[in-house]
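Chemist: Generate a structure from the sequence data that follows.
(one chain, ligands or ions: 1)
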Amino acid sequence: MKRIAVLTSGGDAPGMNAAVRAVVRACAFYNLECFIIYKGYQGLIENSIDKANARRVNNIINKGGTILKSARSSDFRTSSGRKKAYNNLTKNKIKSLVVIGGDGSFNGARIFQKEFNFPVIGIPGTIDNDISGTQYTIGYDTAINTVIQVIDKIRDTAISHNRLFFIEVMGRDAGHIALHSGIGAGAEEILIPEEDRGLKKLLNSLKKSEKTGKASSIVVVAEGDKTGKNVFELASYVEKNLPDYEVRVSVLGHMQRGGAPTCFDRVLASRMGVFAVESLIAGKSSVMVGIENNQLKLTPLENVTKIKSATNKDLLRLTDILSI
Ligand code: F6P
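Modeler: Numbers count the residues shown, from 1 in each chain. The predicted structure follows:
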């Protein structure tokens with residue numbers, strides 16, 4: 001019987017559990033033996049591997065985080081670490097590996113697959129939505145919905161005090177979370193890593209907001225925004241230049257990665273998990289599952305890269321119009 005193992009790697013994302021459940025249950029459905037690996041690649045190196053049947057994944061579709069735990073393994077970046085991982089897979093007679101994670105995890109998967117000619121298939125799970133070969137990654141929809149709920153709450157207090165808030169959201173390299181949550185929550189300005197529109201524009205826009213009688217202003221800032229100033233420096237810069245504003249800062253941090261997955265993420269993860277197993281059965285490997293126009297597809301891991309959104313420019317233009 002064919003033996004398949006599954007792990008979650010990199011930053012956890014809501015919906016990863018739904019994907020694990022889908023992989024384990026698809027294996028059970030197709031009479032394959034399924035193994036779960038704890039703590040990502042690190043657990044593989046440490047032989048932290050268990051057999052899993054369909055009942056092992058009861059009641060996890062609705063849970064945030066990952067029951068398999070996750071890690072960013074530095075050992076897996078070394079060839080001796082990868083050799084240990086390979087030995088543990090062969091020791092357990094595992095014939096293929098499903099990796100649920102982001103682009104860093106797929107880099108590892110690609111190298112591993114090449115080194116040992118070991119069948120690997122990727123499922124994109126990251127709140128950042130910054131992977132080529134798929135329109136959506138698992139966890140992104142939940143994260144942006146978490147963020148808009150929080151910004152709505154901050155807006156309540158901002159209006160009550162006529163304040164300006166700088167809100168930092170995740171996204172070291174890509175502004176998807178900032179742009180989508182910013183537009184969804186009616187932010188006045190959005191600062192992203194992809195584009196530096198200049199501090200002058202920020203000041204002018206805030207001046208305009210004040211003149212036109214806005215009771216509050218929200219500036220959503222992605223972690224890796226291009227202004228070169230962090231969210232606290234931005235706040236003091238604006239306080240200095242526009243002293244009429246009372247400014248506050250909120251850094252949302254890791255709360256964006258937690259919580260129950262949305263229905264969208266649960267369905268996406270379920271579809272991707274089953275498709276991954278079916279693709280392995282069909283003999284595919286060294287590919288990542290993705291979704292485009294609601295159709296599941298496979299992209300060679302070689303072509304999977306970290307991406308920024310082509311629609312970002314247009315969404316920024318939209319903010320300019322809507323924040324008038
Ligand atoms: O990759 C997802 C992500 O949430 C990024 O947006 C963020 O910059 C990073 O992970 C934080 O990683 P860590 O939890 O390792 O600090």
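Chemist: and the residue lying closest to Gly15 once chain neighbours are set aside, what helix or strand is that in?
Modeler: Distance criterion C-beta to C-beta, 6 or more residues apart in numbering; nearest residue to Gly15, sequence neighbours excluded, is Asp265 at 3.5 Å. Where you see a C-beta, it was placed from the backbone N, CA and C, and this is true even at glycine. According to DSSP states H and E, Asp265 maps onto helix 263-281.
Chemist: Met288 too?
Modeler: For Met288, the element it lies in under DSSP H and E is strand 287-292.
Chemist: what sits up against that strand?
Modeler: Strand 287-292 is contacted from outside by 106, 121-124, 131, 133-136, 268, 271-272, 275-276, 279, 296-301, 304, using C-beta atoms under 8 Å, 6 or more residues apart in numbering.
Chemist: what sits up against stretch 183-190?
Modeler: Residues contacting stretch 183-190 (C-beta under 8 Å, 6+ apart): 144, 147-148, 151-152, 155, 167, 175, 178-179, 181-182, 202, 205-206, 209, 214, 217-222, 315-316, 318-319, 322-323.
Chemist: now, which of the contacts of strand 287-292 lie close to the ligand?
Modeler: Contacts with the ligand within the contacts of strand 287-292, counted by C-beta under 6 Å from any ligand atom: none were found.
Chemist: Can you say which of these are buried?
Modeler: Using 16 or more other C-beta atoms under 10 Å as the burial test, the contacts of strand 287-292 include 106, 121-124, 131, 133-134, 136, 268, 271-272, 275-276, 279, 296, 298-299, 301, 304 as buried.
Chemist: Of those, which belong to strands?
Modeler: If you go by DSSP state E, those have Ile121, Gly122, Ile123, Pro124, Leu296, Leu298, Thr299 in strands.
Chemist: so what's the fifth one up against?
Modeler: Applying C-beta under 8 Å, 6+ apart to Leu296 gives the contacts Arg271, Met272, Phe275, Val289, Gly290.
Chemist: please redo it, this time with the cut-off set to 6 Å
Modeler: Phe275 (C-beta atoms under 6 Å, 6 or more residues apart in numbering).
Chemist: swap in the third one?
Modeler: Ile123 makes contacts with Ala19, Ile100, Met272, Ala276, Val289, as judged by C-beta under 6 Å, 6+ apart.
Chemist: which one of those residues is nearest the ligand?
Modeler: Using C-beta to the nearest ligand atom, Ile100 comes nearest to the ligand of the contacts of Ile123, at 13.0 Å.
Chemist: I'd say the closest one and Gly122 touch.
Modeler: No. Using C-beta atoms under 6 Å as the test, Ile100 is too far from Gly122 to be in contact (7.7 Å).
Chemist: The residue in the stretch 151-300 of the chain that the ligand sits nearest to - how many residues pack around it?
Modeler: Closest to the ligand within the stretch 151-300 of the chain is Met170: 3.4 Å, counting by C-beta to the nearest ligand atom. Residues near Met170, counting by other C-beta atoms under 10 Å, number 24.
Chemist: now swap in Ser70 and tell me
Modeler: For Ser70, the neighbour count with other C-beta under 10 Å is 25.
Chemist: Now do the SS call for it.
Modeler: Under DSSP: H, G, I helix; E, B strand; the rest coil, the three-state class of Ser70 is coil.
Chemist: got a list of what it touches?
Modeler: With C-beta under 6 Å, 6+ apart, Ser70 has these contacts: Thr8, Ser9, Asp12, Gly40.
Chemist: what's the pLDDT at Thr311?
Modeler: Per-residue confidence (pLDDT) for Thr311: 67.
Chemist: just the one 3 residues further on next, same as before
Modeler: With respect to pLDDT, Asp314 scores 87.
Chemist: Show residues contacting the strand or helix carrying it.
Modeler: Per DSSP H and E, Asp314 falls inside helix 312-322. By C-beta under 6 Å, 6+ apart, the residues outside helix 312-322 that reach it are Gly175, Leu179, Ile190, Glu194.
Chemist: Could you pull up the residues touching the residue in the stretch 1-150 of the chain positioned nearest to the ligand?
Modeler: Per C-beta to the nearest ligand atom, Gly11 is where the stretch 1-150 of the chain lies closest to the ligand, at 3.5 Å. Contacts of Gly11 were listed using C-beta under 6 Å, 6+ apart, and none were found.
Chemist: what about it, which helix or strand?
Modeler: Per DSSP H and E: Gly11 is located in neither a helix nor a strand.
Chemist: do the same with Asp152
Modeler: helix 140-161.
Chemist: Sweet, I'm off.
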